[in-house]
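**Q** Fold the stuff below for me.
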Amino acid sequence: MMYTAIKISEILGTDKSLLQFPNALITRLSIDTRKIDIPEETIFFALSGSMHDGNEFIQDALDKGIRNIVSENTLKFSGQKANVFQVNHGIQALQKLTTFHRNQFKELKVIGIIGSNGKTTIKEWLFQMLHDRQVVKSPKSYNSQTGVPLSVWQINEHHELGIFEAGISQRGEMANLAETIKPTIGLFTMIGDAHAEGFSSLSEKLNEKLLFFETVQTIVFNEDDSTVSTSIRTKFVDRKLLSWGRSKNASLFRVIAVQRSNYRSDVTISINQNEYVIVIPFSDSASIDNALHCVAILIILGKEVNEIKQEILKLQNIPMRLELKNGIHNSILINDTYNADVQSFKIALEFLSQQSGTKEKILILSDFVQTGLDEETLNIQLANLIRTHRINYVVGIGQQVKGLVKYLDPHIVFSFFTNIDDFIEIIPGIDISNKAILVKGARVFQLEKVIRVLSDKAHSATLEIDLQSIEHNLKVFSNQLSPDTQIIAVIKASAYGSGSEELARFLEFKKVGYLAVAFVDEGVQLRQAGVSLPIIILNPDSNGIQEMVTYKLEPEVYSMDQLREIISIIDLDENKHFYVHIKVDTGMHRLGFMQAELNDLGILLASNVQIRVKSIFSHLSSSEDASDDEFTHNQVKAYIDSYKVITEFIGYMPLKHILNSAGIIRFPQYHFDLVRLGLGLYGIDTTETIAGQLEKVHTLKATIVQIKTISASEYIGYNRRGRSVSGGKIAIINIGYADGLMRMAGNGRYKVEIHGKEYPVIGNVCMDLTIIDIGHADDVYAGDEAVIFGKGRPVEELAKVCQTIPYEILSRISGRVRRLYIQG
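**A** Numbers count the residues shown, from 1 in each chain. As a prediction, this is how the structure comes out:
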């Protein structure tokens, strides 16, 4: 649906005299200038956030061809040819426009999903099972104050049904989302502790969520969730309340029995005194509940039970986020093989561009389904996106995608296959070495087969790195800083086990100021991967000086001998500079210039002007420890004195920084020009001050490779250290001390999590395997995942058991453990 600029001005109530092109047609919304496909039809909302001010990117938007800008600040537009929509509050304007758009489709049936968990899975499963209808849905987990408006904007005339999710993290948010979505059917999944820090109590959070149902006539919920069901029945006595569960109060259907076996559950339900057995292809409780929520919605939408049974049987696990993994031949592989629609395709291409660096890009793409667009219109949109993201090679799988070739630029190589197996046969003949590959398509085309063929066959133990949580933590720390203070992201030791290349590209995309790594070869690797941010080398080796010049790396300089060696080796034109970061020792007594050396340092720097000091910094010994605060303040005083001495010699004012993650929180008066963010980026707060606001980034998982039944009093493992006192079952998982699981975790000292339950390690941790006592558990099978640590099991617990610190646990994780990067 198109709107003219003057119509949008009327909707937002802005000054029409600021429109230079009142008849311009607008079809797209943007809040990020890095994600633009058709600029002439785009309106850019310059939103202010915790990490940046969108107004700072207005010129970038104009340079990219956007001529419609919503802003709170018109001073940025002097002399520019553009339509300006001046508003008081950018996010409110975005919501106002999309609410108007939603109101143009008053007859559209819309399912709105809320709850602490399960929203995205239920939405995607419903979309999969309603393949015979034209459905518009939230992309990925777009459920926030900005995500919901961008989702609702997708609604068009051909859509028969909308499915949108709404998520909140603090008071005052839900009413806005409800107004924008205007659901006709509301679904409450469950209440849990997600985003609990934004509320004073569970009751307050529940009441805020229930505001979503203020205008909904039909509400669906699990009757067995007593907290939710009681509140809904109390607040909404005049609504159509349809519930399911074991309770006799369940009004839509009752659950009579659940029989679980390996990878499936047979659920007997009763509808109007008729019993049906629904086979759910999962055995964990969360998936069963999510599937039964779907059953309830499908019944309400008029699906026959026998048809529902067939659709439920086809359900597959939903990858909640884009997965980035290592591919064969030094390629990187992005897996987005669940569905194919234009919006999710755009998101996947953005992630590909973010992660590809200097690698050529290959796109493996299936036919798109359920778009409601005619083939020509669809292929034109796909071709525009492929052009924008500079794809080098496209592989099409299916029938519709064959027509894409007519709209691609001539330099793009295009291959076409009618089915996936034909393509897999020729993969060995394709040069994929050092390429970035996106595999994107609908489930029916079974593109996961391609993922299996192209994936690096590494260890199946996996370290998941949640990039969305890293972004969240970055925002939490940014909120502590003034706008003038930049962040140095410390990604040494392979980003504390996370993988430095992938994380560096992500952080560059998020516009941190600097990166810091330990050694020269790490910096060279990042430059070769296409990372252009300034990179500080914290422990430079004299053998790498010339490489630092070649790759524009900036060393920490901490001694006179080191500085003299740099001066003797570098060979620069007199109008060029080699940037360094001077470290002074203020009491930690590791690396750094002592106070007595500062005069000599200043003289040497002043007489070698090709050496340009980018920053002067120091390192606090105990920034997290309140008992050492007096020493910390003395360190800062010594640092400031040292800074003054050096700058008097060199005649200019380099950047200042002294704080690490803990210091950022505890000493805001010392933020200066830069701060160094390391462990805090990964959700670890050694001060325990803002731990509740941070999100854990790492999840270490292993797979159960075998289950055995053991008799009572049998001994287990090396040296017969383990013993089953009462008998039962043991599970062997594929992770050991060679992977980074320390031996001190053995012999019952640590527990792993399987299906939400904790089970102890029995016996010694072996080199490649670990044995878990699962007792008499009847829902654990070979192939199931065991979580070593993650979102609900903080790494600090394992560190405590192993008598070490989280830094060491993360840094010890072996390179043979597969890294999987997930992006919301």
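
**Q** got the buried residues for the longest strand seen in the chain?
**A** The longest strand of the chain (DSSP state E) is strand 698-710. For strand 698-710, the neighbour count (16 or more other Cβ atoms under 10 Å) marks 698-704, 707, 710 as buried. C-beta: built from backbone N, CA, C; applies to glycine.

**Q** Can you tell me the element the spatially most central residue of the chain falls in?
**A** With distances taken as Cα atoms, centre = their mean, Gln468 lies nearest the centre of the chain, 2.3 Å away. Per DSSP states H and E: Gln468 is located in helix 467-478.

**Q** Now do the end-to-end distance for stretch 714-731.
**A** Using Cα to Cα, to the nearest Å, the end-to-end distance of stretch 714-731 comes to 15 Å.

**Q** I'd like the numbering to begin with 31 instead of 1 from here.
**A** Fine by me, first position is 31 from now on; the one you just mentioned is stretch 744-761.

**Q** before we move on, back to that, which helices and strands does the longest strand of the chain pack with?
**A** Contact partners of strand 728-740 among helices and strands, from 3 or more Cβ pairs under 8 Å, 6 or more residues apart in numbering; DSSP states H and E: strand 489-496, strand 758-763, strand 800-805, strand 815-819.

**Q** list the helices and strands the longest one packs on?
**A** What that stands for is strand 489-496. strand 728-740, strand 847-853.

**Q** for these, which one sits closest to Asn449?
**A** Each of the helices and strands packed on strand 489-496 has some distance to Asn449 by Cβ to Cβ; the shortest is strand 847-853, at 27.9 Å.

**Q** Partner strands of that closest one and their direction?
**A** If you go by DSSP bridges, strand 847-853 pairs up with strand 352-356 (antiparallel), strand 489-496 (parallel).

**Q** As TSV, those strands with distance to Leu707 would be great.
**A** Formatted as TSV, those follow (distance: least, Cβ to Cβ, whole Å):
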stretch	distance to Leu707
strand 352-356	22
strand 489-496	16
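
**Q** for those strands, which one sits closest to Ile456?
**A** With Cβ to Cβ, the closest approach to Ile456 among the strands paired with strand 847-853 belongs to strand 352-356: 22.1 Å.

**Q** Other residues contacting that closest one?
**A** Outside strand 352-356, the residues within contact range by Cβ atoms under 8 Å, 6 or more residues apart in numbering are 362-366, 377-378, 381, 385, 485-486, 488, 532, 848-853.

**Q** For stretch 586-605, list the C-alpha coordinates in CSV.
**A** Provided in CSV are the C-alpha atoms of stretch 586-605 (Å, rounded to 0.1, in the frame of the first residue of the first chain):
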residue,chain,number,x,y,z
GLU,A,586,50.0,-0.2,23.2
VAL,A,587,53.4,1.2,24.1
TYR,A,588,54.6,0.6,27.6
SER,A,589,58.4,0.9,27.7
MET,A,590,61.2,3.1,26.4
ASP,A,591,63.0,0.1,24.7
GLN,A,592,59.8,-0.8,22.9
LEU,A,593,59.2,2.8,21.7
ARG,A,594,62.8,3.2,20.5
GLU,A,595,62.5,-0.1,18.5
ILE,A,596,59.3,1.2,16.9
ILE,A,597,60.9,4.4,15.9
SER,A,598,63.9,2.6,14.4
ILE,A,599,61.8,0.3,12.3
ILE,A,600,58.9,2.4,10.9
ASP,A,601,59.6,4.2,7.7
LEU,A,602,56.9,6.8,7.1
ASP,A,603,56.6,9.9,4.9
GLU,A,604,57.0,13.0,7.0
ASN,A,605,53.3,13.9,6.6
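
**Q** coming back round to it: the helices and strands packed on strand 728-740: which one's closest to His687?
**A** Per Cβ to Cβ, nearest to His687 of those: strand 489-496, 25.9 Å.

**Q** Before I go, just wanted to say thanks for your time.
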